[in-house]
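>>> prediction below, plus the sequence it came from.
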Amino acid sequence: MNLFQRVHAMSDRTAAALVGAVQTRLAGCAKNRGAEETKAVAKPEGVDDFYAHCEANPDPELVPWSCHALMGRGTLITVVVASARTKAAAEAQLTSVVPIFAQSFVKA
């Protein structure tokens, strides 16, 4: 299992708009990337917008599955990624860590 988080600040767009833009763009290339929204991860309290998806990694050198949670608040956006050997394992890891990452994110 691999796990990481990135946080970005934007000055000209709200994070909710960015989460929506990612969701729209991902839908456009979902077939090529094997990406699909996951309902297994609930939107944490205190975030303005939220979107979670999982995708298969075609590179055999990488962990086979990655699940991503995007959370927006004000002008901040964070991405939490959990990777594992199966989609179910990646979803389970993401489900368990998103609330932990969200607690500190909503206080930022």
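Looks like it came in fine.

>>> in a helix, residue 92, correct?
Yes - assessed by DSSP: H, G, I helix; E, B strand; the rest coil, residue 92 belongs to a helix.

>>> and it, what does it touch?
Residue 92 is in contact with 40, 84, counting by C-beta atoms under 8 Å, 6 or more residues apart in numbering. The C-beta positions use only the backbone N, C-alpha and C, and glycine is treated the same way.

>>> so what does the residue positioned nearest the centre of the chain have for phi and psi?
Centroid-nearest residue in the chain, with C-alpha atoms, centre = their mean: residue 69, separated by 1.8 Å. The phi/psi pair for residue 69 (degrees, to the nearest 10) reads phi -120, psi 120.

>>> ok, it to residue 57 distance?
17 Å (C-beta to C-beta, to the nearest Å).

>>> any chance you could map the strands in this protein?
All strands of the chain, identified by DSSP state E, fall at 2-9, 36-37, 49-56, 65-73, 76-84.

>>> lowest average pLDDT across the ones you listed?
Mean pLDDT is lowest for strand 2-9 among those, at a mean of 70.

>>> what distance do you get for the closest residue to residue 41 other than its chain neighbours to residue 37?
Among residues not flanking residue 41 along the chain, residue 52 sits closest, at 4.1 Å (C-beta to C-beta, 6 or more residues apart in numbering). Distance of residue 52 to residue 37, computed by C-beta to C-beta: 7 Å.

>>> what's the answer for residue 5, then?
From residue 5 over to residue 37 the distance is 20 Å, taken as C-beta to C-beta.

>>> noted, bye for now.
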